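Chemist: Quick check, what structure comes out for this input:
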Amino acid sequence: MAFDIEMIKKVYANFSSRVDAARNVVGKPLTLAEKILYAHLWDGNATKAFVRGTDYVDFAPDRVAMQDATAQMALLQFMQAGRPKVAVPSTVHCDHLITAKEGADIDLPRAKTESAEVFDFLSSVSNKYGIGFWKPGAGIIHQVVLENYAFPGGMMIGTDSHTVNAGGLGMVAIGVGGADACDVMAGLPWELKFPKLIGVKLTGKLNGWTSAKDVILKVAGILTVKGGTGSIVEYFGEGAKNLSCTGKGTICNMGAEIGATTSTFGFDDSMERYLRATNRADVADAANAIKDHLTGDPEVYANPEQYFDQVIEINLDELEPYLNGPFTPDLATPISKMKEVAAANGWPSKVEWGLIGSCTNSSYEDLSRAASVAKQAIAKGLGKKAEFGINPGSEQVRYTANRDGLLETFEDLDATIFTNACGPCIGMWDRVGAEKQEKNTIVHSFNRNFAKRADGNPNTYAFVTSPELVAALAIAGDLGFNPITDTLTNDKGEQVKLDPPVGDELPVKGYAVEDAGYQAPAEDGSKVEVLVSPTSHRLQLLDPFAPWEGTDLKGLKLLIKAKGKCTTDHISMAGPWLKFRGHLDNISNNMLIGAVNFFNDKTDSVKNQLTGEYGAVPATQRAYKAAGIGSIVVGDENYGEGSSREHAAMEPRHLGVRAVLVKSFARIHETNLKKQGMLALTFADKDDYNKIKEDDIIDIIGLTEFAPNKPLSVVLHHADGSEDTIAVNHSYNDQQIEWFKAGGALNIIRREAAAKAGK
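Modeler: Prediction:
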C-alpha cells in the first residue's frame, strides 16, 4: 500500500469537479499541466482564468520533500514558525552528505560518523514535527520519491531543483527554496506565477543505443539553459507512451537544466505498471478511476499549437544518442559528430572516468541496460580503459540489482559501487588527483556539468550522456568512440563491436529490499527535544533578519559585478561546503567565491572600497557589514541558474547585501531572494550593465513608494564625480513587497504565530 493513500484519494475525489470548473472558466480544452494546477488552487474551484506568465497564484501542494543539505535550513526556519506539526505529508532524505571515494562499504559508515550531528538533528526534528525520515544509504531523494510518494495528478514541492523528476509519474513537482517549503509545511498557501506551457510531441519509438536521456539532451540543445524559464514542459504523443516510467522521470529530471518550472507526462500504461511494481496498486486503481483527467484533453494533443505557447516535435525513431557539454548541459553534440567536434575544440579525447547514477539515471532499467553493455564487453574480451563508478538510486534498486547479478557484472569490469547517494553528481567525490587540476575528460549520466562541480577541478571536461553510453565510453576510453559504427580491439587482437544495450523496464522477479531505510515519525512529537549546540560548527539556530528601515537605500558599495554564467554553484558552492548547510554564518564564507569579477577576470577577488585592496568576496562583505554599510551584487543573464539552494540567497542577506541587480534571473533564485527580504532587480535596459563601475557608490530610489509594476531608480555615483541614473524593474507583487518590508517571509509567519498564541 502507498504512503498517504487517504490524502491521494482525497485529491482524486475533488479532481473531476475542479477540472470541470477550470474548463468552464478557461473556456477551452485543457492541457495536463493546467488540469493539475487548477485542481490545486488554494481557494478551491477556479473562478477565473489565469494569465500565463503574468498572474501570481496561490496553490495547495499535496506534499513536501527535502534532501539533507537543504532540509537543515528549511527545518531550522520551520522551527521558528510556531507550528506543532507539518500541515502536509513531508519527508527528509539523507543523500547529499555522503562522499564517494572507496565504495559504499567504506564511504557510508564514514559519512554516518562525520555527519552524525546533522543526521541526528534531522532525525529528531523529523520525529518531532511528523516528518518521514529516510536514513543515510536509503537512496537519492528523487528516486525514493518516485518509488514511494509520486502519484499521477499530484502537486509536490521539494527543496531541490530536481524535484521535477516526479513528473515521470504524472505530477506537477517543483523545486523551491526552504522558505517556500516552510510555508507549505506551516499550512500556508504556496505562491507561483502561473507558468507558460511548452508542448513536446514525441513520435516513434526509441531503438538501438538511443535512450530516454537523449530526448532531454536534444531538448536542452534546442531550448538552452534558460529556454524553459517560467514554463511547464508537457510531453505527449505515441512516443511518450512508448517510454518507461523511469525514462519519463529522467526526461523530467533534466528539465531543471533548461530552467523549466517543471515537466510532466500524462498517466499511461507505463505509469500503471510502475505503480503496481512498487506496491502501489491502490494508487493505480484510484488513478484509473479518473484517468481521463490525468492527461491532456484530446483536442489539445490533436492541435497543440492552439494550446501551448511553444511546440517542439521529436521523432524517437530518428533520434541519435547525444553527449552534452562540457561545462554546460545544453551544448548538445550527437555521438556521430563528437570525434570531429572534440578535435575542433581541443577537448581531451581520453576518457578518465565514467560515472553512472545520480537522481537522473539510477533506476533498475538504467542499471540493467548499462550492465548489458558491461556483460557483453567482458564476453568479447574487452576491459575498461577508464575508471568506472556506479551510484544506485535507492536501497531498493541496489538490493534488487544485486540479487539479479547486475552489480556483480559491473564489479567484473572492475567498477566501484558507491553508496546509494548523490556522490560525484553534486561534488561529493573525493577524486584522487583532482587537486592537481589537470586537463581531463569524464563522462557521466548526471544532469549538470558546470566547471568544478563534480570534482572541484576547473579543468575537468564533463559530458552528460546516458548510462549505456557511459559504459561504452568507459570501455573504449575515447570520447569520440561511436558504438553504433566503431569497433574495439579485444584481448586477442580482434576487432569487436558492441551490440546495442538491452534491459528490463522493471525487474522480472519484482523489486525486493530487506531494509529500505525509512523511519516513521513519532505519533506524538511534543516530547521530542531537538538539540542544537551553541558551539556547533555544523548547525546554528537562526536569528530573524532585520526589517526594512522604511527609507530608500543609499550609499551602497558595489560588492561584485559578476561576469557571464553565475549559477548557484558559483554563489554558494556545494562539495566540501555541504557540511555547513545548517550553519548560516560558516557557510557564508563561500559566498560568491566562484563568481568571475568583471573587472579583473578573477574569482574570489574583489576591491574593498574601504581599503582599496583586493580580497576574498566574503571577507570584503564582512568588512562592509562591520562598518554598517550595505552593498549590491550585479550579475549577468540567468543569474542563479542551477540548484534550488536558498543558501545562495541567505548568505548575501546574512552578510549585509541589500540588493541583487542583474540582466535576468533564474526562477527559483529570484523567489529565494524575495523570501529572504532581499531586493531582486533587473536592468530595464540590459546595456546599463556596462555603466556599473568598480568604485561606484549606489543608491536605490523609490522604495518608499514600492509597488507592483512600478520601476525603481538606481543612481550610480562614480569615483570621478559623475553620475548615471538608470531604471530597474522588479516582479514583486503586494505580498512579496510585504516580505521585503518585514525583513523576510518567515518574519510574517513568526509574527502571525505569536499573535495566534497570544490569543
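Chemist: From here on, just use CA atoms for contacts and neighbour counts.
Modeler: Will do.
Chemist: Need the pLDDT of the residue lying closest to Glu191 once chain neighbours are set aside.
Modeler: Here the nearest residue to Glu191 in space, its sequence neighbours aside, is Asp58; by C-alpha to C-alpha, 6 or more residues apart in numbering that works out to 4.5 Å. pLDDT for Asp58: 96.
Chemist: Which residues outside the helix or strand harbouring Asp58 are in contact with it?
Modeler: Using DSSP states H and E, the element containing Asp58 is strand 56-59. Residues from elsewhere that reach strand 56-59, judged by C-alpha atoms under 8 Å, 6 or more residues apart in numbering: 37, 40-43, 50, 189-194, 733.
Chemist: Could you rerun that using 7 Å?
Modeler: Counting by C-alpha atoms under 7 Å, 6 or more residues apart in numbering, strand 56-59 makes contact with 40-42, 189-194, all of which sit outside it.
Chemist: who wins for neighbours among those?
Modeler: With neighbours set by other C-alpha atoms under 10 Å, the maximum within these is found at His40, which has 25 neighbours.
Chemist: in the sheet, who's paired with the nearest residue to Pro89 once chain neighbours are set aside?
Modeler: Nearest non-adjacent residue to Pro89, counting by C-alpha to C-alpha, 6+ apart: Arg63, 5.0 Å away. With DSSP bridges as the criterion, the beta-bridge partners of Arg63 are Met156.
Chemist: What about Asp734, how many residues nearby?
Modeler: Asp734, neighbours per other C-alpha under 10 Å, totals 10.
Chemist: how far away is the closest residue in space to it that isn't next to it in sequence from Asp414?
Modeler: Nearest-residue entry for Asp734: Pro708, 6.4 Å, with adjacent residues in sequence omitted and distances by C-alpha to C-alpha, 6+ apart. Using C-alpha to C-alpha, to the nearest Å, one gets 60 Å for the distance from Pro708 to Asp414.
Chemist: With Ala627 instead?
Modeler: When distances are taken as C-alpha to C-alpha, Ala627 and Asp414 turn out to be 57 Å apart.
Chemist: Neighbour count for the two, which is higher?
Modeler: For Ala627 and Asp414, the more surrounded residue by other C-alpha under 10 Å is Asp414, and the numbers stand at 14 against 10.
Chemist: Phi, psi for that one please.
Modeler: The main-chain torsion angles of Asp414 are listed as degrees, to the nearest 10 and equal phi 70, psi 40.
Chemist: for Trp429, same thing?
Modeler: With angles defined as degrees, to the nearest 10, Trp429 shows backbone torsions of phi -140, psi 110.
Chemist: Can you name the residues bridging to Ile698?
Modeler: Beta-bridge partners, per DSSP bridges, of Ile698: Leu556, Leu716.
Chemist: number of nearby residues for it?
Modeler: Ile698 has 24 neighbouring residues, counting by other C-alpha under 10 Å.
Chemist: Now do it against Cys566, distance only.
Modeler: Counting by C-alpha to C-alpha - Ile698 and Cys566 are separated by 22 Å.
Chemist: Contacts for stretch 624-638, please.
Modeler: With contact meaning C-alpha under 7 Å, 6+ apart, stretch 624-638 is reached by 226, 556-564, 655-666.
Chemist: Please disregard the earlier target; I meant stretch 557-573.
Modeler: Taking C-alpha under 7 Å, 6+ apart as the criterion, the residues outside stretch 557-573 that touch it are 590-598, 606, 621, 630-636, 639-643, 645, 647-648, 694-698.
Chemist: you'd agree Val88 is up against Asp62?
Modeler: Yes: taking C-alpha atoms under 7 Å as the definition, Val88 is a contact partner of Asp62 at 6.4 Å.
Chemist: any chance you could map the helices in the stretch 51-200 of the chain?
Modeler: Counting by DSSP state H, counting those that start in this stretch, the stretch 51-200 of the chain forms helices over residues 68-78, 104-114, 116-129, 141-148, 178-185, given from the N-terminal end onward.
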